[in-house]
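**Student:** Provide a 3D model corresponding to the input given below.
(one chain, ligands or ions: 2)
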Amino acid sequence: MSDQEIVLQTEGLTKIYRSLFTPVGVKAVDDLNLAVRSGETYSIVGPNGSGKTTTLKILLGLIFPTSGSASIFGKSIADLSVRERIGFLPEDAYLYDCFNGEELLDFYAGLFGFSGRRRKELVEELLSLVGMQANRRVPFRECSKGMRQRLALAQALVNDPDLLILDEPTSGLDPAGRHQMTRLILEMKRRGKTILLCSHFLAEVEEVCDRVGIMYLGRLVGEGTLTELAGEPTEIVITTRGLDAGAAAQLARHPMVLNVEGDVVRLGEADENQLWTVLESIREAGGQVFEVARPRPTLQDVFVRAIGEESK
Ligand code: ADP
Ligand code: MG
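**Tutor:** Numbers count the residues shown, from 1 in each chain. Ligands and ions are numbered 1, 2, ... in the order given. So this is what the prediction gives:
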């Protein structure tokens, strides 16, 4: 991984929140080392309170780290010029209720210095991108959560950012809303944007991200591609038909077989020959083989495993 490829990096990033009520402080982020490469979609996943939003806020310069450092596009996050290349979707995007989608985007296009025809075109492009052309004049107070979220994303895209930072982009959305948001994230990815998102919604993350960092109590407790995190399949699941109880009990004594539950026979790791002997035994016992699968652990399994090990 060469340095040029890295768009965002943190080193020993730590944030302790102190207040009158918590003089000792709450360690929200604890010695975090992240590196996100150009064009990559990286997702921080972790339960509520694990420090995800705090990390994003530090990166955006909204709060200061207690110690450690972070850089974006090779510059310190204290360098204001960095922010021109970032688009941010906050967790609970606040949109002025008196505006509608068209006015909002027009307003932000103006803020970013667009004028005349280019400004109109940009507003059109963004409305069309997020599927809000027909609903452009619906006031925010009448917009669904999904519509608001898509407009908030459109707003984050006004400056055509190279890096998108999305905090819980799908939380609170219904299935259709989640699907639309996922589709938009994939579209941004296709356009070559680097995306850092955080979520406690594992299914969507699985669909969009290249790498995942699992965060728990402010620390990174696991990191990698989904395949790396999940590891290789560790068992073989054979679905059978027509095994009677006696045959099933006999099969359960086979040295390769882990257990037999109803129609499902589970094996530990087995090579092709070993698998073949088990399939033969099933047939000899009068059973039919319906399906042979080697399931990989899901991200949910990995998540639970990583957090379980951390809290031991
Ligand atoms: P996440 O986004 O993963 O849910 P947060 O970064 O919001 O986590 O919070 C991490 C920890 O820091 C939590 O224990 C939270 O209560 C605490 N925290 C967050 N913001 C503040 C704040 N402004 N002042 C004090 N504690 C905070
Ligand atoms: Mg959060």
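**Student:** Pull out the buried positions in the helix or strand harbouring G222.
**Tutor:** Using DSSP states H and E, G222 falls within strand 219-224. The neighbour-count check on strand 219-224 (16 or more other Cβ atoms under 10 Å) flags 219-223 as buried. Yep, even glycine has a C-beta here, placed from its N, CA and C like the rest.
**Student:** How about stretch 204-216?
**Tutor:** Under 16+ other Cβ under 10 Å, the buried positions of stretch 204-216 are 204-206, 208-209, 211-216.
**Student:** What's the end-to-end length of it?
**Tutor:** One end of stretch 204-216 to the other measures 19 Å (Cα to Cα, to the nearest Å).
**Student:** now stretch 32-51
**Tutor:** Stretch 32-51: ends 10 Å apart by Cα to Cα.
**Student:** My guess is V138 contacts N100. True?
**Tutor:** Yes - using Cβ atoms under 8 Å, V138 is in contact with N100, at 5.9 Å.
**Student:** Between these two, which has more neighbouring residues?
**Tutor:** N100 (22 against 16; other Cβ atoms under 10 Å).
**Student:** can you tell me which residues contact that one?
**Tutor:** N100 is in contact with 136-140, counting by Cβ atoms under 8 Å, 6 or more residues apart in numbering.
**Student:** And the residue nearest the centre of the chain, what's its pLDDT?
**Tutor:** The centre of the chain sits closest to V205, judged by Cα atoms, centre = their mean, with a distance of 3.2 Å. V205 is assigned a predicted lDDT (pLDDT) of 80.
**Student:** gap between the biggest helix by length in the chain and the chain center?
**Tutor:** Criterion DSSP state H: the longest helix present in the chain is helix 175-190. The chain centre lies 12 Å from the centre of helix 175-190; the measure is Cα atoms, centre = their mean, to the nearest Å.
**Student:** Give me the number of neighbouring residues for I86.
**Tutor:** 22.
**Student:** Dig out what it forms beta bridges with.
**Tutor:** For I86, the beta-bridge partners are L163 (DSSP bridges).
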